[in-house]
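*Asks:* Sequence and computational prediction follow.
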Amino acid sequence: KQEVTQIPAALSVPEGENLVLNCSFTDSAIYNLQWFRQDPGKGLTSLLLIQSSQREQTSGRLNASLDKSSGRSTLYIAASQPGDSATYLCAVRPGDAGGTSYGKLTFGQGTILTVHP
Amino acid sequence: DTAVSQTPKYLVTQMGNDKSIKCEQNLGHDTMYWYKQDSKKFLKIMFSYNNKELIINETVPNRFSPKSPDKAHLNLHINSLELGDSAVYFCASVNQGSGANVLTFGAGSRLTVL
């Protein structure tokens, strides 16, 4: 059974700092890994998706890496801003790309990020 | 706005009642999901429908009955509500037919059972 763990559970940093969020998963047979952002009272917003064959993805100040064999991913946020404050969730999709696993994501608990001015 | 819309956003009810949460997407997606986020913040899949056909049912109690009248709607009906059903329920959709990978989530429906 796939388990996803995120460390730290919460992080508070001053504006401008670079930071790293960690995600680990127990079953390396994944199809892809996604990082989401969750804002209070709102849905999840997909930030980055890394296919199992990829090592990293970048979008603006965000960079996500994937080491499938060791079951780890990191989300790097450069020059953090107060607007980055949110809960960041990591989710993996099982390696069986068939219809029954489509969208069957296993999520971590999330890291609550607070960036203060 | 193109989106996944859930109603109601908040629902407070007594144990034993029956309630429904509705979900609609106007994205033209063919697959819809219900996820549950419990008090520990874990999001777990409950159901998935593809073109109105149930394809994932994650051993959810049969008090929960999803209904998909058409591929743009996936409603969740819960009978005999229990305290443990209190959670935030998220609807999501994706266009599986196009091979898309990223699910679009609704804003969530917070259910509180007293």
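*Replies:* Thanks, I have it.

*Asks:* Going by C-alpha atoms from here, please, whenever you check contacts or count neighbours.
*Replies:* Fine.

*Asks:* What distance do you get for the residue of chain A found nearest chain B to A:P117?
*Replies:* Going by C-alpha to the nearest C-alpha, chain B is nearest to A:G43 of chain A, at 3.7 Å. For A:G43, the distance to A:P117 (C-alpha to C-alpha, to the nearest Å) stands at 25 Å.

*Asks:* More neighbours: which of those two?
*Replies:* A:G43 (21 against 11; other C-alpha atoms under 10 Å in any protein chain shown).

*Asks:* didn't the more buried one look like it was pressed against B:G106?
*Replies:* Yes: taking C-alpha atoms under 8 Å as the definition, A:G43 is a contact partner of B:G106 at 5.0 Å.

*Asks:* Residues that sit against both of the two, list them.
*Replies:* Shared contacts of A:G43 and B:G106, defined by C-alpha atoms under 8 Å, 6 or more residues apart in numbering or on different chains, are found at B:F90.

*Asks:* For B:W34, which residues count as its bridge partners?
*Replies:* Note on B:W34: beta-bridge partners B:F47, B:C91, judged by DSSP bridges.

*Asks:* and residue 6, what element?
*Replies:* Since no chain was named, I'll use chain A. A:Q6 is part of strand A:4-7 when elements are defined by DSSP states H and E.

*Asks:* that's the wrong chain, I meant chain B
*Replies:* Assigned by DSSP H and E, B:Q6 falls in strand B:4-7.

*Asks:* Pairing partners for that strand, with directions?
*Replies:* In its sheet, and by DSSP bridges, strand B:4-7 pairs with strand B:19-25 (antiparallel).

*Asks:* Could you check how many residues crowd around the nearest residue to B:Q25 once chain neighbours are set aside?
*Replies:* Of all residues not flanking B:Q25 in the chain, B:V4 sits nearest, at 4.4 Å (C-alpha to C-alpha, 6 or more residues apart in numbering or on different chains). If you count neighbours by other C-alpha under 10 Å, B:V4 ends up with 23.

*Asks:* Same question for the one 5 residues further on.
*Replies:* A count of neighbours around B:K9, defined by other C-alpha under 10 Å, yields 17.

*Asks:* Which pLDDT value goes with it?
*Replies:* At B:K9, the pLDDT value in this model is 94.

*Asks:* which residues touch it?
*Replies:* B:107-110.

*Asks:* And A:L66, by the same measure?
*Replies:* Counting by C-alpha under 8 Å, 6+ apart, A:L66 has contacts A:33, A:50, A:52, A:54-56, A:72-74.

*Asks:* Write a ChimeraX command that selects only the buried members of those.
*Replies:* Buried residues within the contacts of A:L66, by 16 or more other C-alpha atoms under 10 Å in any protein chain shown, are selected in ChimeraX with:
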select /A:33,50,52,56,72,73,74
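
*Asks:* of all the contacts of A:L66, which comes closest to B:F64?
*Replies:* Nearest to B:F64 among these, counting by C-alpha to C-alpha, is A:L33 at 28.7 Å.

*Asks:* May I have the beta-bridge partners of that closest one?
*Replies:* A:I50, A:V92.

*Asks:* Helix, strand, or coil at the residue in chain B positioned nearest to chain A?
*Replies:* Minimum separation of chain B from chain A (C-alpha to the nearest C-alpha) falls at B:A107, amounting to 3.7 Å. Of the three states, B:A107 takes coil under DSSP: H, G, I helix; E, B strand; the rest coil.
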